[in-house]
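K.L.:
dropping a prediction and its sequence here:
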Number of protein chains: 2
Amino acid sequence: MSDVHAFIDQNLERFRNELFDFLRIPSVSARTEHKKDLLAAADWLADRMREAGLQVKIEETAGHPIVRGDWQEAGPDAPTVLIYGHYDVQPAEPLDLWDSPPYEPEIREGKLYARGACDDKGQLYVHVKALESHMKTAGTLPCNVIVLAEGEEEVGSENLMPYVREHARELEVDAIIISDTGMMAKGKPTIGASLRGIAYWQLDVTGPATDLHSGSYGGGVINPATALARIIAGFHDDDWHVTIPGFYDDVDEAADFRAKIEDLGYDEDAFLEETGAPSLGGEVGQSTAERLWVRPTCEVNGLLGGYTGEGAKTVLPARAMAKISCRLVPDQDPHKIDELFRKHVANVAPAGVRVEITTIHGGAPWRGNLQGSLYEAAEAALEMAFGAGVVYAGEGGSIPIVPEFEDTLAAPALLMGLGLPGENAHAPNEWFLVENFERGIHAAAELLLRFAQK
Amino acid sequence: MSDVHAFIDQNLERFRNELFDFLRIPSVSARTEHKKDLLAAADWLADRMREAGLQVKIEETAGHPIVRGDWQEAGPDAPTVLIYGHYDVQPAEPLDLWDSPPYEPEIREGKLYARGACDDKGQLYVHVKALESHMKTAGTLPCNVIVLAEGEEEVGSENLMPYVREHARELEVDAIIISDTGMMAKGKPTIGASLRGIAYWQLDVTGPATDLHSGSYGGGVINPATALARIIAGFHDDDWHVTIPGFYDDVDEAADFRAKIEDLGYDEDAFLEETGAPSLGGEVGQSTAERLWVRPTCEVNGLLGGYTGEGAKTVLPARAMAKISCRLVPDQDPHKIDELFRKHVANVAPAGVRVEITTIHGGAPWRGNLQGSLYEAAEAALEMAFGAGVVYAGEGGSIPIVPEFEDTLAAPALLMGLGLPGENAHAPNEWFLVENFERGIHAAAELLLRFAQK
């Protein structure tokens, strides 16, 4: 075993304890009352990155700061990698559903429970410790490195890309490495093959000037809630295909990737159990993994109208609202989907009501290159660290900054996620498998070595 | 002019002032903090009924009391009428939308503004003053009279019918007179020809055990909010006919009544303006008056699911809820409609979600007999008081106690409503046309005279 891996093994307990300290800081970016905690987390992280041998700056933004660490002494012939992660976390509420307090990290049955354990403090810290391990053993890193750790990922990363674009010339990199996703299953090291994009709207349907008595007026005017339900129901046919004209036009059917999915042996039973739904269901003719990874969706995220309290109130509501979002797959474009969605809703909206469509946000889908030296290095590093062959899995969620990073920096991104299904990333009892934290550090260290040698 | 009508005209100012006192009592039956106000209103009303010459009892119930006044000295050959009304009122909130405080009655441009002015204190008091006017002039009433004034109409009249059934032998009456509805328009004295019934449900659609991330899980399980929208959209076809199989089977097409509606000259423009909707709309092939009076409906009264706050949250909701109600017309039966509704929802509910149906309440529709001595007397009395011929109009709302009164007491009911369109009965700025209060007293007094002579 090389020096670096021996060093990692000898220091795992300290690494865990340090991560505990990081997790004790409630750096909830969504809540202004935690502003000082965001600063404390940024300072703490900056100190650890300095100890790892990086030149560290805390970059102010219009929101929470970006912690940046540079080490550019590998010389101009060595490649440069950008490691991205985030030190902010989701709110922990509802607190009563946590089995141990969210900011008092605790290991139970090999799982480290804490808010941010997996998303993303634990995964970000994997890379910090890999860098330290190289520096403490070799005195250098295998390649040039820039770490960007932002504090606004959970609130939309609004200030990250402006920073990246502004500093694009300093950020000429050969690879972008991100650990903020998951593995398919324990013991199955996974490279993220794709991300879905997103387009999100609010629909407001209005009719009468005020809520009306459903007896005295019902039947004589169109009910906005009924009209909204009709619009929503019209987004799918009976086979749960999306019916918005043109919706599937740019979907890359990617037969080669579908074949890969079939080989994965996706565990549908485990997925069903994880959701707690009565049964699986979705677009006819697609497997669950396909529905999640390579097929777009149209989902209701919220519904509100009329009387929603206990018992009965005979009201014909003046308005009804829905939050609707589509998950998109390559090569769908959120702007084009926005146009198609608006045109479709306008076409199907019943007479007698007004429909207002507000576009809330959008983000592009992404499919990884999955080839070249970065991916070869990652496959080898993960296989070494986990003792098992790498699988390529899709991801149903959206990380709009991934395609934006690739576009802005003209370098390939690698999703080396270390989470696991059921990790409760945005829910109570978030956890990170301690074994994945440890093997992850080995993998991250090995990845730099291998990528530098290519 | 007979003595009674002269007496009424001479005392109108006093009658108005007394009604002001009645309206100053905030007898909101829905709010426990107003319990003492309910008792105060009952006491106040009992005193006025005693002054009118009735034998008065305040009958305790499991809820708010029933004020009962009897005068049975017209002899066994004279008919007996039951006059029903209610002294409780709707909550006044939102208070900031009132132009004058809800419990400080005020007359502006001939309208008396106050909570309960029209619904139903003003209309109930019309009858109390008609009785007083007979007693103060003739020393007797033209016929035997029982007044029942309940304090729970706005919260479902739960204790009224049990009382009526328990006392059915004392309540052998020849007619039931109710002033708790409206006239078609100012100057058009109106007899209520029909009421719609109601069946009200809550639908709860559940899927995943908890709210899920719409990216990581979206597409793989059926979204309960989408499923609910599909169920709701399936209640109507494109022509807004209700699609529940068997729904229209018992609808009495009542061609004769339709012909009457056509003659009424229903003012659709005024109705549209009243609602503030962009346009009228509803079941194809029916006029607005038909849609409101002789056609059943299926309406969404409330919708709730997922994230309903500001901005975006990418949640696939674990559950979605709708409040749904059908307004029913003769001879639809709420119990049969409940069965048809349940069967239909079970048939159309998509696989992958659970649907729970809770029946919240039901009430039968009603169509008046519109013939016989009671109606002849009412037509004559209203024509005398208003100087215009009577019209028969339907009412889209439901008063389930009307058919229950008729069934329990085996006597015809007369709806002699004195409200007007736009009176804001359950809304801020409720008003009652002073002219209708005054003409109503004349009409109510004349009705007893005429009915006794038949």
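P.N.:
Arrived safely, thanks for sending. These numbers come from a predicted model, not from an experiment.

K.L.:
which residues in chain A form helices?
P.N.:
Ranges of helices in chain A, per DSSP state H, are A:3-23, A:35-51, A:121-138, A:160-166, A:224-233, A:255-264, A:268-275, A:288-293, A:334-348, A:373-386, A:401-409, A:434-453.

K.L.:
tell me which of the ones you listed is the most buried.
P.N.:
By mean neighbour count, with neighbours taken as mean count of other Cβ atoms under 10 Å in any protein chain shown, helix A:224-233 ranks first of those at a mean of 27. Bear in mind the C-beta positions are built from the backbone N, C-alpha and C, glycine included.

K.L.:
for the stretch 251-400 of chain A, which spans come out with low pLDDT?
P.N.:
Counting by pLDDT under 70, the ranges of the stretch 251-400 of chain A that qualify are A:254-259.

K.L.:
closest residue of it to chain B?
P.N.:
A:Gly276 (2.5 Å; Cβ to the nearest Cβ).

K.L.:
my read: that residue touches B:Pro208, true?
P.N.:
Yes. Judged on Cβ atoms under 8 Å, A:Gly276 makes contact with B:Pro208 at a distance of 5.3 Å.

K.L.:
how about the nearest residue to the residue of the stretch 251-400 of chain A closest to chain B once chain neighbours are set aside, what does it touch?
P.N.:
Leaving aside its chain neighbours, A:Gly276 sits nearest to B:Ala209 (2.5 Å; criterion: Cβ to Cβ, 6 or more residues apart in numbering or on different chains). Applying Cβ atoms under 8 Å, 6 or more residues apart in numbering or on different chains to B:Ala209 gives the contacts A:275-277, B:318.

K.L.:
give me the buried subset of those residues.
P.N.:
Applying 16 or more other Cβ atoms under 10 Å in any protein chain shown to the contacts of B:Ala209, the neighbour count classes A:275, A:277, B:318 as buried.

K.L.:
could you tell me which residues make contact with the last one?
P.N.:
Going back to what we said before, that points to B:Ala318. Here B:Ala318 is in contact with B:206-212, B:224 (Cβ under 8 Å, 6+ apart).

K.L.:
now A:Arg31
P.N.:
Shown in contact with A:Arg31 (Cβ under 8 Å, 6+ apart): A:Pro91.

K.L.:
can you give me the strands in the stretch 51-200 of chain A?
P.N.:
A:55-59, A:66-71, A:80-86, A:106-108, A:111-113, A:144-150, A:175-178, A:190-195, A:197-206 (DSSP state E, counting those that start in this stretch).

K.L.:
so which of the ones you listed comes closest to chain B?
P.N.:
When these are ranked by proximity to chain B (Cβ to the nearest Cβ), strand A:197-206 comes first, at 4.7 Å.

K.L.:
now the angle from the closest one to helix A:401-409?
P.N.:
120 degrees (axes from the mean of the first three to the mean of the last three Cα atoms, to 10 degrees).

K.L.:
what is strand A:197-206 packed up against?
P.N.:
Here strand A:197-206 touches helix A:224-233, strand A:319-328, helix A:334-348, strand A:354-363, going by 3 or more Cβ pairs under 8 Å, 6 or more residues apart in numbering or on different chains; DSSP states H and E.

K.L.:
now the angle from the first one to helix A:334-348?
P.N.:
Regarding helix A:224-233 and helix A:334-348, their directions subtend 130 degrees when assessed with the same axes, to 10 degrees.

K.L.:
for helix A:224-233, packing partners?
P.N.:
Helix A:224-233 packs on strand A:197-206, strand A:299-306, strand A:319-328, helix A:334-348, helix B:224-233, strand B:299-306, going by 3+ Cβ pairs under 8 Å, 6+ apart.

K.L.:
okay if I get those as a markdown table plus distance to B:Val126?
P.N.:
Below are those laid out as a markdown table (distance: least, Cβ to Cβ, whole Å):
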| stretch | distance to B:Val126 |
| --- | --- |
| strand A:197-206 | 38 |
| strand A:299-306 | 34 |
| strand A:319-328 | 37 |
| helix A:334-348 | 50 |
| helix B:224-233 | 42 |
| strand B:299-306 | 32 |
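
K.L.:
next to chain B, which bits of the stretch 101-250 of chain A? Give me the list.
P.N.:
A:196, A:198, A:200, A:207-210, A:212-223, A:225-226, A:228-230, A:232-236, A:240 (Cβ under 8 Å from any Cβ of the partner chain).

K.L.:
now that we have the residues you listed, which of them are buried?
P.N.:
A:196, A:198, A:200, A:207-208, A:212-223, A:225-226, A:228-230, A:232-236, A:240.

K.L.:
about what we covered before: dump the strands of the stretch 51-200 of chain A to CSV, plus mean pLDDT and distance to A:Glu18.
P.N.:
Formatted as CSV, these follow (pLDDT from 0 to 100; distance: least, Cβ to Cβ, whole Å):
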stretch, mean pLDDT, distance to A:Glu18
strand A:55-59, 98, 16
strand A:66-71, 98, 15
strand A:80-86, 98, 15
strand A:106-108, 98, 14
strand A:111-113, 98, 12
strand A:144-150, 98, 15
strand A:175-178, 98, 21
strand A:190-195, 94, 26
strand A:197-206, 97, 34
